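Participant: Sequence below, structure please.
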Amino acid sequence: MPAAEESQGVSKVVDNICKLPPDLLAEACQNILTYLQGQARGVDSTEISDILQKAGVRIDHEALQNMIRFLLLTFRSAGKSSLSGDDLVSKLEGSHKWPKASLQVLHRLWSEHGALVHAQQEVQAMLSIGQLVDLQWKLGMAVSSDTCRSLNSPYVSLLLKIIEPSGQICHRSFEMTIPQFQNFHKQFKEMAAVMETL
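Facilitator: Presented below is the predicted three-dimensional model:
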């Protein structure tokens with residue numbers, strides 16, 4: 001997307017946000033900030049849409065999704081940069097025309113919740129690990145190996161596809177003897193049982 005079109009798209013999103021009455025903007029932002037503080041599993045756009053519709057504000061699904069994405073990105077960026085409420089408002093004012101009432105809502109909410117969002121981001125950065133997205137395995141017969149005592153021993157070859165915290169996809173492969181694979185399988189079953197209790 002060319003820069004002019006992208007800027008025009010962002011301006012439209014900002015315009016839609018600015019059309020929201022301050023109380024509804026505050027409620028939508030509160031929903032987003034709750035998620036960014038690790039107190040919710042996600043941002044429920046249906047819930048936000050219901051709140052807006054009950055107040056008589058009609059907005060299509062795509063426009064609402066774009067508003068949520070913009071606010072998520074704005075708050076995440078402010079959290080990573082440890083911006084104060086004043087800094088956030090200055091940054092927003094410099095990029096688009098915002099009504100004073102909208103900026104006051106964003107300033108108040110960020111002043112109240114910004115430190116918690118920043119702390120949650122720090123914790124996530126320390127705990128960030130890759131996410132397993134695919135696991136492939138195949139059974140083979142060893143013709144030569146450093147770990148098998150005798151040739152013609154069966155082995156299991158595993159290929160893991162992992163999305164790293166940076167978003168990059170990497171592949172890891174390794175081989176195991178049948179007893180090693182059985183132990184690996186047992187550990188996976190135990191992990192699954194523990195995860196079901198969470």
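Participant: And this structure, what are its domain boundaries?
Facilitator: For the chain, automatic domain parsing gives the domain ranges 3-127, 131-197.
Participant: Pull the distance from the last one to the chain's centre.
Facilitator: What separates the centre of domain 131-197 from the centre of its chain is 27 Å, taken as CA atoms, centre = their mean, to the nearest Å.
Participant: Give me the secondary structure label for Ile162.
Facilitator: Secondary structure, DSSP: H, G, I helix; E, B strand; the rest coil: Ile162 is strand.
Participant: Count the neighbours of it for me.
Facilitator: 16 (other CB atoms under 10 Å). In this view, the C-beta of every residue, glycine as well, is placed from N, C-alpha and C.
Participant: Quick check: it touching Gly130?
Facilitator: Yes. Counting by CB atoms under 8 Å, Ile162 touches Gly130, with 4.0 Å between them.
Participant: Pull up the overlap in contacts between the two.
Facilitator: Cys170 (CB atoms under 8 Å, 6 or more residues apart in numbering).
Participant: sorry, back to before: most tightly packed of the domains of the chain?
Facilitator: domain 3-127 (a mean of 15; mean count of other CB atoms under 10 Å).
Participant: mean confidence score for it?
Facilitator: Averaged over domain 3-127, pLDDT sits at 89.
Participant: With adjacent residues omitted, what lies nearest to Asp134?
Facilitator: The shortest distance from Asp134 to any non-neighbouring residue, by CB to CB, 6 or more residues apart in numbering, is to Lys161 (3.8 Å).
Participant: Hmm, that neighbour is touching Leu132, no?
Facilitator: Yes. Shown here, Lys161 and Leu132 form a contact pair, counting by CB under 8 Å, at 7.5 Å.
Participant: Contacts only, for the spatially most central residue of the chain.
Facilitator: In the chain, the centroid-proximal residue (CA atoms, centre = their mean) is Gly42; its distance is 8.5 Å. Applying CB under 8 Å, 6+ apart, we find Gly42 in contact with Tyr35.
Participant: Surely it forms part of a strand?
Facilitator: No. The assignment for Gly42 by three-state DSSP gives coil, which leaves it out of any strand.
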